[in-house]
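**Student:** Here is my input; please provide its structure:
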Amino acid sequence: MDSQHRPSPDSEQQTTSKKNRRGIGAIGWAVIGAVFFGSLLAIGILPRLSQKSELQAAVKEASTLPSINVITPRRATGATKLELPGNVVALNQTTIYARSTGYLKRWYADIGDRVQAGQLLAEIDSPDIDQQVLQAKAEVVQAQANVSQTRANLAKSVSDLKQARANLLIARQSWQRWSVLVKQGAVPQQEADTRYATYQANLASVEAAQNTINSDSANIKAAQANAYASQANFQRNTVLQSYKKVTAPFAGVITARNVNTGVLISAGNGNTSNSTSNTNTSNSSLYTIAAYDNLKVNVSVPQSLSQSLQTGQTAQITVRELPQRVFTGKVIRTSNAIDPITRTLLTQLEVQNLDATLRPGMYANVRFAINRTNPPFVVPDSALVVNAGGTQVATVTKDHTVHYQKVAVGRDYGTEVEITSGLTGNESLIATPTVDETEGLRVQPVAQRK
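**Tutor:** Prediction:
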């Protein structure tokens, strides 16, 4: 009975083989799982370890780089006040010279006097021009008399022509009648020839009278032209005689008087000398006059702001001697050209000065209110580096190296300056660059506290 239930050797071997296969399968799956999870762990840990290593290396390297304070440029405001020095000048100013030669008889206006247009300023005694006026007047009378005489001659020539034509008509009729009588045999041929000769003589008289009329007509034209020339010369001398009285060309203030009574005045503004005579001679200007009601203020506007000014724009004008007064000026014109030396635009403003408070030659402060559509950047003046390469700023790039960038400078506010070109606004600028920060130097940027 025991032998019946005992397993056979073959069955025991099969059972053992199955158990071995079951044990090997479990171990294999365990090994595979361990390898799988180990791979995942390696994938997650190794990059972190690498990043940590790189970070530690970067921190170690950063700890060895010099620290540099950096700043970021800021954008200026669109609305700004522009204050510039100006020069007050007269809107209308001129120097008065004599147009008539002679001695100064009397002067009526002195420096500081307000005069009106056409007001008498001085009188010049000019006997030469007076005589020239009399002579020119006599020449006019003579020329007019010559015209009258030639017209009378023409009238006589016309009368002679009429008489000659009448005689010619009679002579022709007489010759024609005698010619008929000759054909009839009533009179001899000699009588007809005599009448024909008389006719020819009258015909010649008519032609001579006509030539005389033509000549007299030409003489009249010449006489009239001479009369016109004489009249023009008389008018010219009359005008020169009127220059004996020196008058103001416009209303204003006399700013200079350069002559005294009795001085010999030469016409024009040229320079002449009289080395052989001790006579006090002057051909310089008599007066200088300036209009004060309206004045001009000349201002040199920097090139960077020249596009911001428009004709008609107003500005506040002040002078140090009048601290309580603020004048309003208006831009009337610009030179439309930048001065290549100063890089400025000459701008003129007009200001009312009815009470004559402002005076030409004054120094003034001109304040403009400007709205800029593209305001420039503003940086501390300590951030600028000026050397042979021009005006530059020291920037720190993304890889922590120093790079010098050339910039254009605008307005100077004292502690800050405007940068009109060369920056984008995203740069990190070294706040106070020194000679130690050379191009390409690696540094550690530190944002400077405001």
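**Student:** helices or strands next to the top strand by length along the chain in the packing?
**Tutor:** Looking across the chain with DSSP state E, the single longest strand is strand 322-338. Contacts defined by 3 or more C-beta pairs under 8 Å, 6 or more residues apart in numbering; DSSP states H and E place strand 322-338 against strand 294-302, strand 314-319, strand 344-352. C-beta coordinates here come from the backbone N, C-alpha and C atoms, glycine included.
**Student:** Throw the ones you listed into JSON lines and include distance to residue 400, thanks.
**Tutor:** As requested, the helices and strands packed on strand 322-338 are arranged in JSON lines below (distance: least, C-beta to C-beta, whole Å):
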{"stretch": "strand 294-302", "distance to residue 400": "37"}
{"stretch": "strand 314-319", "distance to residue 400": "48"}
{"stretch": "strand 344-352", "distance to residue 400": "41"}
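**Student:** what ranges do the strands span in the stretch 101-250 of the chain?
**Tutor:** Taking DSSP state E, counting those that start in this stretch as the criterion, the stretch 101-250 of the chain contains strands spanning 102-107, 114-115, 120-125, 245-247.
**Student:** thinking again about what came up before, can you name the residues in contact with the longest strand of the chain?
**Tutor:** Outside strand 322-338, the residues within contact range by C-beta atoms under 8 Å, 6 or more residues apart in numbering are 296-297, 301, 303, 306, 309-319, 344-353, 357-358, 366.
**Student:** Give me the below-cutoff pLDDT ranges for the chain.
**Tutor:** Across the chain, the ranges flagged by pLDDT under 70 are 1-31, 33-63, 269-283, 449-450.
**Student:** Grab the longest helix from it for me.
**Tutor:** Counting residues, the longest helix in the chain under DSSP state H turns out to be helix 127-184.
**Student:** can you give me the offset of it from its chain's centre?
**Tutor:** The gap between where helix 127-184 is centred and where its chain is centred comes out at 67 Å by C-alpha atoms, centre = their mean, to the nearest Å.
**Student:** again with stretch 401-412
**Tutor:** Using C-alpha atoms, centre = their mean, the offset of stretch 401-412 from its chain centre is 32 Å.
**Student:** quick revisit: quickly compare the strands of the stretch 101-250 of the chain and say which is most buried.
**Tutor:** strand 120-125 (a mean of 19; mean count of other C-beta atoms under 10 Å).
**Student:** how close does the spatially most central residue of the chain sit to residue 299?
**Tutor:** In the chain, the C-alpha closest to the average C-alpha coordinate belongs to residue 335, at a distance of 2.1 Å (C-alpha atoms, centre = their mean). Applying C-beta to C-beta, to the nearest Å, the value for residue 335 to residue 299 is 11 Å.
**Student:** Pull up the overlap in contacts between the two.
**Tutor:** In the contact map built from C-beta under 8 Å, 6+ apart, the residues linked to both residue 335 and residue 299 are 346-347.
**Student:** start to end distance for stretch 260-267?
**Tutor:** In stretch 260-267, first residue to last residue: 16 Å (C-alpha to C-alpha, to the nearest Å).
**Student:** secondary structure element for the residue nearest to residue 413 when sequence neighbours are not counted?
**Tutor:** In this structure, residue 413 finds its nearest non-sequential neighbour in residue 378, 7.7 Å apart by C-beta to C-beta, 6 or more residues apart in numbering. Assignment of secondary structure by DSSP states H and E places residue 378 within strand 377-380.
**Student:** Going toward the C-terminus from that strand, what's the next helix or strand?
**Tutor:** Next along the chain after strand 377-380, taking DSSP H and E as the criterion, comes strand 384-387.
**Student:** what helices or strands is that following strand leaning on?
**Tutor:** Applying 3+ C-beta pairs under 8 Å, 6+ apart, we find strand 384-387 packed against strand 390-396.
**Student:** ok now the strand it packs on, how far from the chain's centre?
**Tutor:** For strand 390-396, the separation from the chain centroid amounts to 35 Å (computed by C-alpha atoms, centre = their mean).
**Student:** Touching that strand from outside, list them.
**Tutor:** Contact with strand 390-396 is made by 68, 70, 379, 383-386, 402-409, 419, 422-423, 427-430, 433, 437, 443, 445, as judged by C-beta under 8 Å, 6+ apart.
**Student:** What about residue 306, how many residues nearby?
**Tutor:** Using other C-beta atoms under 10 Å, residue 306 has 16 other residues around it.
**Student:** Pretty sure it sits against residue 343.
**Tutor:** No: taking C-beta atoms under 8 Å as the definition, residue 306 is not a contact partner of residue 343, at 9.3 Å.
**Student:** Could you identify which of the helices and strands packed on strand 322-338 is most buried?
**Tutor:** Between those, the one whose residues have the most neighbours on average, counting mean count of other C-beta under 10 Å, is strand 294-302 (a mean of 21).
**Student:** In its sheet, which strands sit next to that strand, and in what direction?
**Tutor:** For strand 294-302, sheet partners with direction are given as strand 79-90 (antiparallel), strand 344-352 (antiparallel), following DSSP bridges.
**Student:** relative to strand 322-338, how tilted is that strand?
**Tutor:** In this structure, strand 294-302 runs at an angle of 60 degrees to strand 322-338, with axes from the mean of the first three to the mean of the last three C-alpha atoms, to 10 degrees as the basis.
**Student:** how far does stretch 182-191 stretch from start to finish?
**Tutor:** 8 Å.
**Student:** nope, stretch 430-437 is what I meant
**Tutor:** The first-to-last residue distance of stretch 430-437 comes to 9 Å (C-alpha to C-alpha).
**Student:** Please point out which parts of that stretch sit buried.
**Tutor:** Within stretch 430-437, the residues that qualify as buried are 430-431, 433, 437, counting by 16 or more other C-beta atoms under 10 Å.
**Student:** just those now: which is nearest residue 239?
**Tutor:** The shortest distance between residue 239 and any of those, using C-beta to C-beta, involves residue 433 and amounts to 74.6 Å.
**Student:** which stretch of helix or strand covers that closest one?
**Tutor:** Following DSSP H and E, there is no helix or strand that holds residue 433.
**Student:** Count the residues that sit near the closest residue to residue 142 other than its chain neighbours.
**Tutor:** Computed as C-beta to C-beta, 6+ apart, the closest residue to residue 142 that is not its neighbour in sequence is residue 230, at 7.4 Å. Other residues near residue 230 number 20, with proximity taken as other C-beta under 10 Å.
**Student:** got a list of what residue 230 touches?
**Tutor:** Contacts for residue 230 (C-beta under 8 Å, 6+ apart) come out as 136, 139-140, 142-143.
**Student:** swap in residue 117?
**Tutor:** Listed by C-beta under 8 Å, 6+ apart, the contact partners of residue 117 are 248-251.
**Student:** which two in these are spaced the farthest apart?
**Tutor:** Every pair of these checked by C-beta to C-beta; the farthest is 249 and 251, at 9.3 Å.
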